[in-house]
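Undergrad: Sharing a sequence plus its predicted fold:
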Amino acid sequence: MLPQTLQAARLRLVKSHPYLSSAAWALRPVEKPGLETLAVDMYWRLYYDPVVITRWTVEELAGVLYHEIMHLLRDHASRMQNFDRNAANIAADAEINDDLIAEGVKLPEAAGRCYCSGLHRAAGWPSGRRILCCAPGAAVCA
């Protein structure tokens, strides 16, 4: 059974963003202790760490669900399969988080709080482009 906090977050998300209802209900939750976040795969499985979901508010958890659904709707898994996995994930997180932050979506404190200005060179982006990191314990990258 899905934990109550995750159920509440999903309900909050579909109430505020009804156009995401089908996507939110299509997710197949899979408990994954030690993950330290939420994640999705191309098969619409939602992996969650039971400890982490107790640390975040329902509003923050709804924001993370929104973030994960955006990975699926933007087809990041197939579009980035030929790129370095870590760099692709950071780029995809940045691509999503800038939209969510601009929309005023509440994310956990660790998400979107550091900027990696050096990754643009590896990814071939224009000089000076700053991206958001969404990794647990992420620090400022040079």
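TA: Happy to help now that I have it.
Undergrad: what packs against whichever strand or helix holds residue 22?
TA: Per DSSP states H and E, residue 22 falls inside helix 21-26. Other elements packing on helix 21-26 under the criterion 3 or more C-beta pairs under 8 Å, 6 or more residues apart in numbering; DSSP states H and E are helix 4-16, helix 58-73. Backbone N, C-alpha and C define where each C-beta goes, glycine included.
Undergrad: Report the strands that pair with the next helix or strand after it, each with its relative direction.
TA: Using DSSP H and E, the helix or strand that directly follows helix 21-26 along the chain is strand 28-31. Partner strands and pairing direction for strand 28-31 (DSSP bridges) are strand 45-48 (parallel).
Undergrad: Run through who's touching the partner strand.
TA: Contacting residues not belonging to strand 45-48 are listed as 3, 6, 27-32, 35, 38-41, 65, 68 [C-beta atoms under 8 Å, 6 or more residues apart in numbering].
Undergrad: rewinding a little: most tightly surrounded among the helices and strands packed on helix 21-26?
TA: A comparison of those by mean neighbour count, using mean count of other C-beta atoms under 10 Å, puts helix 58-73 on top with a mean of 22.
Undergrad: Which secondary structure elements does that helix sit against?
TA: Where contact means 3+ C-beta pairs under 8 Å, 6+ apart, helix 58-73 is packed against helix 4-16, helix 21-26, strand 38-40, helix 85-103.
Undergrad: Including mean pLDDT and distance to residue 73, could the ones you listed go into a markdown table?
TA: Output for the helices and strands packed on helix 58-73, formatted as a markdown table (pLDDT from 0 to 100; distance: least, C-beta to C-beta, whole Å):
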| stretch | mean pLDDT | distance to residue 73 |
| --- | --- | --- |
| helix 4-16 | 97 | 13 |
| helix 21-26 | 97 | 6 |
| strand 38-40 | 95 | 10 |
| helix 85-103 | 90 | 10 |
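Undergrad: Tabulate the ones you listed in JSON lines, adding columns for distance to residue 48.
TA: Formatted as JSON lines, the helices and strands packed on helix 58-73 follow (distance: least, C-beta to C-beta, whole Å):
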{"stretch": "helix 4-16", "distance to residue 48": "6"}
{"stretch": "helix 21-26", "distance to residue 48": "14"}
{"stretch": "strand 38-40", "distance to residue 48": "5"}
{"stretch": "helix 85-103", "distance to residue 48": "17"}
